[in-house]
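[1] for reference, the sequence and a predicted model appear below.
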Amino acid sequence: MRVLHIGKFFPPHPGGMEVFLADLVCAQRARGIDAAALVHGQPLPDDPEWLMRVPVWGHLVYAPLAPGFRTALAAAIRQFHPDVLHLHLPNTSAFWALLLLPARDLPWVVHWHSDVVVSRIRGALALAYRLYRPFEQAVLDRAERILVTSPPYLEASEPLSRWRDKCTVIPLALDSGRLPEHAGTGSAPSWREGNFRLLSIGRLTYYKGFETLIRAVSAMPGVELLIVGEGALRPTLETLIDEFTPAGIEPNIRLLGGIDDAGKHALLQDCDVFCLASRERTEAFGIVLLEAMRYARPCIVADLPGSGMPWVVREGGAGVAVPVEDVAAWRDAIRAFQRDPHYREGCGVQGQRALCKKFALDRCVESIASEYAAVVPDAAVDAPDKELLIVIPARNEAETVAAVIRSLHEAGWRDVIVVNDQSTDATGAIAAAAGATVLSPVLPLGAWGAMQTGIRYALRHGYRQVVTIDADGQHE
């Protein structure tokens with residue numbers, strides 16, 4: 001299987017979408033998927049052959065202007081011969097695929113990282129979206145599959161409302177091995193001795209809600225907030241910090257600007273609580289929350305309707321969500337963590353466990369591979385030979401499927417696939433929690449169709465043998 005990702009940027013460019021894309025491509029290549037990426041940016045000397053960067057001439061309302069992208073896309077298709085185009089949106093340069101015949105001849109999987117939110121804060125963005133939307137909808141019309149990062153985001157997304165039948169929820173994930181277990185000090189600034197330590201990370205831009213954090217923390221003695229990131233809003237935030245700091249008193253809020261990864265990881269490891277106060281659904285997921293969970297840091301986030309950000313925290317049990325732009329609620333949440341170290345530690349540990357179970361990169365890669373297989377059923381994944389895969393077709397077997405999976409695991413059979421055939425109960429979730437890999441076809445298959453799906457999965461992943469077994473537990 002060959003996949004060409006069309007992304008916006010790639011590390012070292014900062015950003016959650018870029019971090020996820022890098023982790024995803026590297027993990028796919030490690031698992032036998034021949035993945036390549038075409039992104040914006042100046043080519044770097046140590047770029048691998050599968051990464052192509054297209055220089056950016058400037059930006060227009062946050063959109064990078066890269067006139068060479070069309071030519072680069074055509075060249076990438078000729079060079080890599082992909083079976084699938086994986087388009088990461090929002091990204092205006094991905095629209096070139098609509099005008100290239102070689103691109104239109106391929107199946108498309110769209111990764112929907114966020115809506116282009118018609119901002120109540122930035123009127124220019126609303127005007128630009130009128131030009132953007134027809135191209136966006138044309139891409140969604142052309143796509144075979146659309147991957148959405150959380151259930152709340154899918155439910156609230158107006159641009160996706162016409163295409164729900166194509167959508168699958170696959171949460172973003174993090175390569176936790178990339179973040180050192182013990183981060184050290186790096187180049188990170190330190191907190192002042194004895195303060196309760198709050199950290200927030202993000203581009204200094206209008207939707208991140210840093211103003212709310214500054215107003216909340218400025219009136220809290222013994223609490224210190226460090227904000228990592230750069231952006232156009234820096235002068236405004238500096239003025240706000242000065243305004244809320246009494247004369248002759250050292251501010252308890254510092255803007256650190258951009259720092260290196262080692263410094264960021266050190267701050268995440270050393271903070272008491274991580275905060276994300278975003279106030280518009282441009283914040284679709286908040287992958288930095290997963291980085292905080294990696295270090296067992298509890299999180300406070302804005303309870304932003306339609307965003308995946310509070311869903312990530314609640315799903316992982318990693319902290320609390322407070323009303324958007326509610327300064328008093330932020331103070332109450334911070335004080336609750338400050339007063340109760342056991343509560344703080346419990347949320348941190350739960351978040352760390354959820355990262356390993358619900359937001360693990362392996363799980364994300366397998367789910368995306370299943371979507372590829374649905375649109376290119378005959379493309380093979382190069383993988384080492386594996387011995388035996390057990391395939392369980394299941395429809396509405398929530399009461400028995402977990403016991404079947406457990407009995408297989410106890411007998412030493414670890415590689416178990418459950419093909420969840422349009423169940424209307426919790427079969428899929430229960431099977432996943434029991435340790436099986438779950439495939440969820442978009443259309444009903446029947447028992448034999450579900451078996452064939454499992455067998456095709458085994459062929460693609462290098463298994464030598466398949467055993468199929470019923471999910472109801474009546475057979476040995």
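    Received it, and whenever you're ready, just let me know what you need.
[2] give me phi/psi at Leu51?
    Backbone torsions of Leu51, given as degrees, to the nearest 10, read phi -110, psi 120.
[3] ok, now which ones touch it?
    Phe10, Val25, Ala36, Ala37, Val39 (C-beta atoms under 8 Å, 6 or more residues apart in numbering). Where C-beta positions appear, they are placed from N, C-alpha and C, glycine not excepted.
[4] regarding Leu4, what is its secondary structure?
    strand (DSSP: H, G, I helix; E, B strand; the rest coil).
[5] OK, contacts around Ala22?
    The contact partners of Ala22, taken as C-beta under 8 Å, 6+ apart, are Phe10, Pro11.
[6] ok so, going back, of the contacts of Leu51, which is the nearest to Met220?
    Within the contacts of Leu51, proximity to Met220 (C-beta to C-beta) peaks at Phe10, which comes in at 38.6 Å.
[7] that closest one and Pro43, how far apart?
    Per C-beta to C-beta, to the nearest Å, Phe10 is found 11 Å from Pro43.
[8] mind listing the shared neighbours of these two?
    By C-beta under 8 Å, 6+ apart, Phe10 and Pro43 have these common neighbours: Arg53.
[9] in the stretch 1-150 of the chain, which spans are strands?
    Ranges of strands in the stretch 1-150 of the chain, per DSSP state E, counting those that start in this stretch, are 2-6, 34-40, 51-54, 58-60, 63-65, 84-89, 108-112, 145-148.
[10] of the ones you listed, which is nearest Leu225?
    strand 58-60 (29.0 Å).
[11] of the contacts of Leu51, just say which sits nearest to Glu345.
    The closest of the contacts of Leu51 to Glu345 turns out to be Val25 (C-beta to C-beta; 35.0 Å).
[12] low-confidence stretches in the stretch 301-450 of the chain?
    378-385 (pLDDT under 70).
[13] list the buried residues of the strand ranked longest in the chain.
    Assignment by DSSP state E gives strand 386-394 as the longest strand of the chain. If you call a residue buried by 16 or more other C-beta atoms under 10 Å, then strand 386-394 has these buried ones: Leu389, Ile390, Val391, Ile392, Pro393, Ala394.
[14] show me what it is packed up against.
    Contacts defined by 3 or more C-beta pairs under 8 Å, 6 or more residues apart in numbering; DSSP states H and E place strand 386-394 against helix 401-410, strand 416-420, helix 427-433, helix 446-460, strand 463-468.
[15] what does it contact?
    401, 404-405, 408, 413, 415-421, 423, 427, 431, 436, 445, 447, 450-451, 454-455, 457-458, 461-471.
[16] again, 7 Å this time
    Residues lying outside strand 386-394 but in contact with it, judged by C-beta atoms under 7 Å, 6 or more residues apart in numbering, are 401, 404, 408, 413, 415-421, 423, 427, 431, 447, 450-451, 454-455, 458, 461-469, 471.
[17] can you pull the contacts of the spatially most central residue of the chain?
    Centroid check for the chain by C-alpha atoms, centre = their mean gives Leu172 as the closest residue, at 2.5 Å. By C-beta under 7 Å, 6+ apart, the contact set of Leu172 is Phe20, Thr149, Phe285, Ile287.
[18] now name the helix or strand holding the third one.
    Phe285 is part of no helix or strand when elements are defined by DSSP states H and E.
[19] buried stuff in stretch 230-237?
    For stretch 230-237, using 16+ other C-beta under 10 Å, the buried residues are Gly231, Leu233, Arg234, Leu237.
[20] and what of stretch 396-411?
    Asn396, Glu397, Ala398, Thr400, Val401, Ala402, Val404, Ile405, Leu408.
[21] which one is the second one nearest to, not counting chain neighbours?
    Just to be clear, that refers to Glu397. Spatially, and ignoring its direct neighbours in sequence, Glu397 is nearest to Ala471 (4.0 Å; C-beta to C-beta, 6 or more residues apart in numbering).
[22] the one you found reaches Glu399, doesn't it?
    No - look at Ala471 against Glu399 with C-beta atoms under 7 Å: they stay out of range, at 9.9 Å.
[23] okay, buried residues for stretch 38-46 please.
    Buried residues in stretch 38-46 (16+ other C-beta under 10 Å): Leu38, Val39, His40, Gly41.
[24] that stretch: end-to-end distance?
    Terminal residues of stretch 38-46 lie 15 Å apart, using C-alpha to C-alpha, to the nearest Å.
[25] tell me how far it lies from the chain's centre.
    Offset of stretch 38-46 from its chain centre (C-alpha atoms, centre = their mean, to the nearest Å): 22 Å.
[26] what mean pLDDT does it have?
    Averaged over stretch 38-46, pLDDT sits at 90.
[27] what's it in contact with?
    So stretch 38-46 is in contact with 4, 6-10, 13, 52-56, 64, 66, 72-73, 76, 93, going by C-beta under 7 Å, 6+ apart.
[28] go with 6 Å
    Ile6, Gly7, Phe9, Phe10, Met52, Arg53, Val54, Pro55, Val56, Pro64, Ala66, Ala76 (C-beta atoms under 6 Å, 6 or more residues apart in numbering).
[29] among the contacts of Leu51, which pair sits farthest apart?
    Every pair of the contacts of Leu51 checked by C-beta to C-beta; the farthest is Phe10 and Ala36, at 11.4 Å.
[30] the more surrounded of the two?
    Higher neighbour count among Phe10 and Ala36: Phe10, with 24 against 21, using other C-beta atoms under 10 Å.
[31] verify the stated contact: Ile430 with Ala398.
    Yes - using C-beta atoms under 6 Å, Ile430 is in contact with Ala398, at 5.4 Å.
[32] follow-up on the earlier one: so which of the buried residues of strand 386-394 is the closest to Ile334?
    Ile334 lies nearest to Ala394 out of these, by C-beta to C-beta, at 44.8 Å.
[33] what's opposite the closest one in the beta bridge?
    Asn420 (DSSP bridges).
[34] so how far is Met451 from it?
    Here the criterion is C-beta to C-beta. By it, Ala394 lies 11 Å from Met451.
[35] measure how far the longest strand of the chain is from the centre of its chain, please.
    Worked out by C-alpha atoms, centre = their mean, strand 386-394 lies 28 Å from the chain centre.
[36] just the CA atoms of that strand, as CSV, please.
    Extracted C-alpha coordinates of strand 386-394, given in CSV (Å, rounded to 0.1, in the frame of the first residue of the first chain):
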residue,chain,number,x,y,z
LYS,A,386,2.7,-13.5,11.2
GLU,A,387,1.3,-16.9,12.3
LEU,A,388,-2.3,-16.7,13.2
LEU,A,389,-5.1,-14.2,13.2
ILE,A,390,-8.5,-14.9,14.9
VAL,A,391,-11.5,-13.2,13.1
ILE,A,392,-14.8,-12.7,15.0
PRO,A,393,-17.8,-11.4,13.0
ALA,A,394,-20.1,-9.7,15.4
